[in-house]
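**Q** coordinates only, sequence not included:
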């Protein structure tokens with residue numbers, strides 16, 4: 001005798017969308033410079049609520065100048081995208097959110113309207 005299938009037991013949950021790749025950034029600043037402090041505040045504002053998708057390492061070039069030189073960074077503030085590849089660098093005046101948002105969108109990050 002064939003038993004009817006219990007659809008409740010065999011149904012599967014909807015597929016889970018693949019997790020977006022983590023965006024890894026390295027932010028070179030000189031904490032003593034007002035432009036670096038402003039850029040850091042702007043970056044924090046843009047990334048507010050995105051901690052699960054973005055990882056940021058902040059490096060004070062006054063404390064670790066060799067780290068900046070190893071990356072070829074001669075000007076601060078400088079934001080380096082480490083992944084997803086290829087490596088890209090945004091250097092200079094980062095006070096405005098629009099340049100940061102474009103840079104992050106090029107990395108695959110989307111912002112809610």
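**A** Nice, I can see it. The structure displayed is predicted, hence computed values, not measured ones.
**Q** now do the strands in the chain.
**A** Counting by DSSP state E, one finds strands in the chain at the ranges 23-29, 54-60, 78-83, 88-91.
**Q** can you list the strands that the first one pairs with?
**A** Looking back up the chat, that one is strand 23-29. The strands beside strand 23-29 in its sheet (DSSP bridges) come out as strand 54-60 (parallel), strand 78-83 (antiparallel).
**Q** tell me where the protein has helices.
**A** 7-10, 34-46, 65-71, 97-106 (DSSP state H).
**Q** tell me which of these is the most buried.
**A** helix 34-46 (a mean of 16; mean count of other C-beta atoms under 10 Å). In this view, the C-beta of every residue, glycine as well, is placed from N, C-alpha and C.
**Q** now the angle from that one to strand 54-60?
**A** Per axes from the mean of the first three to the mean of the last three C-alpha atoms, to 10 degrees, the angle that helix 34-46 makes with strand 54-60 is 170 degrees.
**Q** name the residues that touch helix 34-46?
**A** 27, 29-31, 56, 58, 76-77, 79, 93-97, 100-101, 104 (C-beta atoms under 8 Å, 6 or more residues apart in numbering).
**Q** and stretch 48-57, by the same measure?
**A** 20, 22-27, 43, 47, 104, 109.
**Q** cutoff 6 Å now
**A** Stretch 48-57 is touched from outside by 20, 22-27, 47, with contacts defined as C-beta atoms under 6 Å, 6 or more residues apart in numbering.
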